[in-house]
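Enquirer: Provided below for reference: sequence and predicted model.
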Amino acid sequence: MAKKRELHEYSTDPAAQEMLKRAEELGISTAFTRADDMVPCNIGGAGMCCKQCGMGPCRLTKDGQTGVCGATIDTIQARNLTRAIAAGAAAHSDHGRDMAFLLKATANGEAEGYMIRDIAKLRIVASKYDIPIEGRSPEEIANDLADLYIAQFGQQNGEIAPIRRAPKKRQQLWRELGVVPRGIDREVVECLHRTHIGDDQDPEHILQHAIRTGLADGWGGSMIATDIADILFGTPAPVIGQANLGVIKENMVNVIVHGHEPSLSEMIVAATQDPEIIEYARKAGADGVNLSGICCTANEILMRQGIPAAGNFLHQELAILTGAVEAMVVDVQCIMQALVDLARNFHTQIITTSPKVRIKGATHIEFDEHKALTIAKEILKTAIDNFKNRDRSKVHIPDIKEDLIPGFSHEYINYMLGGSYRASFRPLNDAIMAGRIRGVAAIVGCNNPRSSQDYLHNKVVRELLKQDVLVVQTGCGAIAAAKLGLMLGEAGLEQVGPGLREICETVGIPPVLHMGSCVDNTRILTVLTQMVEEGGLGDDIDQIPAVGLAPEWMSEKALAIATYCVASGAYVIFGGASPISGMPDRVSDSDAVLRYISEGWEKLYGGKLEFVPDPDEMIRRTLEHIDKKRAALGLPEYDPSRFGRSGDARMLELEALPLEKKRQAIYGLAAD
Ligand code: SF4
Ligand code: MSK
């Protein structure tokens, strides 16, 4: 058994520390303590175990050793990684498929409570696929778009349609390398086929298909999910929100939605405002229903409706430990089975809702888009009925929360930089070209109880901000920064480099932009594409001074995201452990696949994937890459001393001057 860690080694978040102390007092285990008890297998963890058939499992721990079938360590690692990427791509894409069916049902008037909220986005997206829009109703357009999107999953040949939204040069590269996805499901199925015993046994060839599958996710399933969520629920724009466990309210019925799909959670948001539900809650002795979110469902309703986020992935158990949660309503992905056992210590009901997800011991109320509002009300009434079972003596809610401004969709970033009449990425490109912004970092992904919660995320964010790197975030990483107060206009600016600070003050944005949930990483692909199209930063994504980081990754979806980002030209750095690290001290050739996804993929795609456990090294490599890309574009070397004399700093400086000096400074007039 590994050593039990101290509270600060579990989490850097004071609210989490408070709840972990509470869990210890109550003798309740959490993912944090279970991670102490569960020492990871060093052979499986290094990607050196194969259990693809009944002749194994085969563990390759000696030089030159092969599996019973003769599979080498490279083949086994490539297969393991590719299977994980396929699972991640399947999860995102199946989410996208459900959204496409929801769009279809809404267009046909068969989805109770749903409507097309963002007609402008519907028209823009439809036009990208040459779907006629003029003189047609939103429902007619949505019907055609839904059909087109549904067809992407089962398409057998040709190219999936959203690929044409990538920069032209990138599309050409993918065609030359034979990695354009033919159909989303086809690529996932082929991953499983190729990695079955006795199939594809050339590691590079296996990994080529991993790229194709990743692209089917990023420029396919995930992009479809984001588009439709915006069309149905509205494209995000800044709203004020709050994050951390302090959003749970003692005097109210607390319902937490957790998972990923916004389809049900949006209906629950609507149902909480229904007078019938408010009255029902009052009759139960509560002041109302207080809704909050965990994980990416939190991000979805936070960035559209300002509904507070109770926390990120590792907060799911901690929220129940407050003893004040009547129901945790879950759909798909990142839901710990441990929730059910944990909830037995309190009155909390775990309610599963997806036809795909059941957990033994949980209450199942199945979601059906045809009567979603009715189901949402039924769920809320179940929670309200449970309010009377709350044991007040067990309630412990940390008084810790932060404000934030989420909602920076790529549409809003475009608008905020240029205004209504000249919406454009030009100012962002210009700021990078001038060196005010050194580069861009997308810091995304999960929490992992193997490292101190939020530590790696926030350390990397803070250091890069000091270096004038604009940070965009999604997923649980976004909630980590929000809990720290970095997503508020003024709050984080004293920690930001001089050039970036000028931009934030001038445009009026926080230094860290919340761009959504994990499927919304496609928004980042769109931003990068638009930066390319704007001009001045090369003609493909791999030339932009940008890096993607997932400092605390844990899910297979994160690996799928990394793969499509690499295939799109990005340098991607993962913290924590590599699932294919090999054991070079014991097996000398066990890092060939690791080298291939870095150097090999970089030669082909201009992007690479590396696993870097040390945060200082992550930061060093990020800045080195950004500066290398700046130099290749012929941009001036990054020099912070040139900036910091405009924006608020300059205003304050001027403010302090006597009147005549002020006139002189502003208008260049000689003093009278
Ligand atoms: Fe062993 Fe080969 Fe079977 Fe894998 S596929 S378990 S290496 S025999
Ligand atoms: S929820 S995939 S822990 S980001 Fe999207 Fe968070 Fe990672 Fe789940």
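Expert: Okay, I see it. Ligands and ions are numbered 1, 2, ... in the order given.

Enquirer: Give me the longest helix you can find in the protein.
Expert: The helix that spans the most residues within the chain, counting by DSSP state H, is helix 73-107.

Enquirer: packing partners for that one?
Expert: Counting contacts by 3 or more C-beta pairs under 8 Å, 6 or more residues apart in numbering; DSSP states H and E, helix 73-107 is packed against strand 49-50, helix 138-154, helix 184-194, helix 203-216, helix 222-233, helix 262-272, helix 556-567, helix 592-595. C-beta: built from backbone N, CA, C; applies to glycine.

Enquirer: Off-centre distance for the second one?
Expert: Here helix 138-154 shows a centroid-to-chain-centroid distance of 25 Å under the convention C-alpha atoms, centre = their mean, to the nearest Å.

Enquirer: I'd like the next helix or strand past the longest helix of the chain.
Expert: helix 119-128 (DSSP states H and E).

Enquirer: between that following helix and helix 73-107, how many degrees?
Expert: Calculated by axes from the mean of the first three to the mean of the last three C-alpha atoms, to 10 degrees, helix 119-128 forms an angle of 120 degrees with helix 73-107.

Enquirer: avg pLDDT for helix 119-128?
Expert: Taken as a whole, helix 119-128 has a mean pLDDT of 97.

Enquirer: got the contact list for it?
Expert: Residues outside helix 119-128 that contact it (C-beta atoms under 8 Å, 6 or more residues apart in numbering): 116, 133, 138, 141-142, 144-145, 164-165, 227, 230-231, 235, 411.

Enquirer: what do you get if the cut-off is 7 Å, keeping everything else the same?
Expert: 116, 133, 138, 141, 142, 144, 145, 165, 227, 230, 231, 235 (C-beta atoms under 7 Å, 6 or more residues apart in numbering).

Enquirer: Would you mind writing the CA trace of that helix as CSV?
Expert: The C-alpha trace of helix 119-128 is given here as CSV (Å, rounded to 0.1, in the frame of the first residue of the first chain):
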residue,chain,number,x,y,z
ILE,A,119,-31.4,30.4,-35.7
ALA,A,120,-28.3,32.5,-36.8
LYS,A,121,-26.0,29.7,-35.9
LEU,A,122,-28.3,27.1,-37.6
ARG,A,123,-28.1,29.1,-40.8
ILE,A,124,-24.4,29.6,-40.6
VAL,A,125,-23.7,25.9,-40.0
ALA,A,126,-26.2,24.7,-42.6
SER,A,127,-24.5,27.0,-45.2
LYS,A,128,-21.2,25.4,-44.6
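
Enquirer: buried residues in that helix?
Expert: For helix 119-128, the neighbour count (16 or more other C-beta atoms under 10 Å) marks 121, 122, 123, 124, 125, 126 as buried.

Enquirer: any idea which of these is the one closest to residue 323?
Expert: residue 121 (41.4 Å; C-beta to C-beta).

Enquirer: and residue 304, what helix or strand is that in?
Expert: Per DSSP H and E: helix 295-305 holds residue 304.

Enquirer: That helix close to ligand 2?
Expert: Yes. Remark: helix 295-305 sits within contact range of ligand 2 at 295, 296, by C-beta under 6 Å from any ligand atom.

Enquirer: so how far is that helix off the chain centroid?
Expert: 11 Å.

Enquirer: So which bits of the next helix or strand after it are buried?
Expert: For helix 295-305, the following helix or strand on the C-terminal side (DSSP H and E) is strand 309-311. Going by neighbour count (16+ other C-beta under 10 Å), the buried part of strand 309-311 is 309, 310, 311.

Enquirer: got JSON lines for the buried residues of helix 119-128, with distance to residue 468 too?
Expert: Below are the buried residues of helix 119-128 laid out as JSON lines (distance: C-beta to C-beta, whole Å):
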{"residue": "121", "distance to residue 468": "32"}
{"residue": "122", "distance to residue 468": "37"}
{"residue": "123", "distance to residue 468": "37"}
{"residue": "124", "distance to residue 468": "32"}
{"residue": "125", "distance to residue 468": "34"}
{"residue": "126", "distance to residue 468": "39"}
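
Enquirer: Correct me if wrong: residue 79 contacts residue 207.
Expert: No. Assessed by C-beta atoms under 7 Å, residue 79 is found out of contact with residue 207, at 9.6 Å.

Enquirer: Of those two, which one has the most company?
Expert: Between residue 79 and residue 207, counting by other C-beta atoms under 10 Å, residue 79 is the more crowded of the two (27 against 24).

Enquirer: mind checking which helix or strand residue 327 is in?
Expert: Short version: residue 327 belongs to strand 325-330, going by DSSP H and E.

Enquirer: That strand - contacts with which helices or strands?
Expert: The contact analysis (3 or more C-beta pairs under 7 Å, 6 or more residues apart in numbering; DSSP states H and E) places strand 325-330 against strand 253-259, strand 349-352, helix 372-386.

Enquirer: May I have the secondary structure class of the residue of the stretch 201-350 of the chain found nearest ligand 1?
Expert: Residue nearest to ligand 1 within the stretch 201-350 of the chain: residue 201 (9.5 Å; C-beta to the nearest ligand atom). Per DSSP: H, G, I helix; E, B strand; the rest coil, the local secondary structure of residue 201 is coil.
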